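S.K.: turn this into a model:
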Amino acid sequence: MKTYFSGIETQRSQFEEFDGGEIAHQIKVMRNGAVEILISVTQVSPAGTIPADAFDLPGHEWNRAFTDEVR
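M.R.: Numbering: from 1, shown residues only. Predicted coordinates for the structure are as follows:
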């Protein structure tokens, strides 16, 4: 599997099943045909308990703006 974005190519390989999905255990990040970064995933496990505000960014609060959207 490959992806291309802004002159960078990623290649994923060595897939294994995890919790009903496929996880790549090797990811190559390439530019101009040369490997820039080689990522090797050695272990995958459930995240466990994550606080509700773990992904809140200060200064980026969500404000409802004239929509019926409910979160």
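
S.K.: which residues in the protein form helices?
M.R.: Per DSSP state H, the chain carries no helices over any range.

S.K.: shaky segments in it?
M.R.: Within the chain, the segments meeting pLDDT under 70 span 64, 66-71.

S.K.: let's see 80
M.R.: Segments of the chain classed as low confidence (criterion: pLDDT under 80) are 1, 60-71.

S.K.: how near is residue 39 to residue 33?
M.R.: Residue 39 is 18 Å from residue 33, where distance means CB to CB, to the nearest Å. The way it works is simple: take the backbone N, C-alpha and C, and place the C-beta from them, glycine included.

S.K.: which one of the two is surrounded by more residues?
M.R.: A count of neighbours by other CB atoms under 10 Å puts residue 39 above the other of residue 39 and residue 33, at 12 against 6.

S.K.: could you check how far that one is from residue 1?
M.R.: Taking CB to CB, one finds residue 39 at 14 Å from residue 1.
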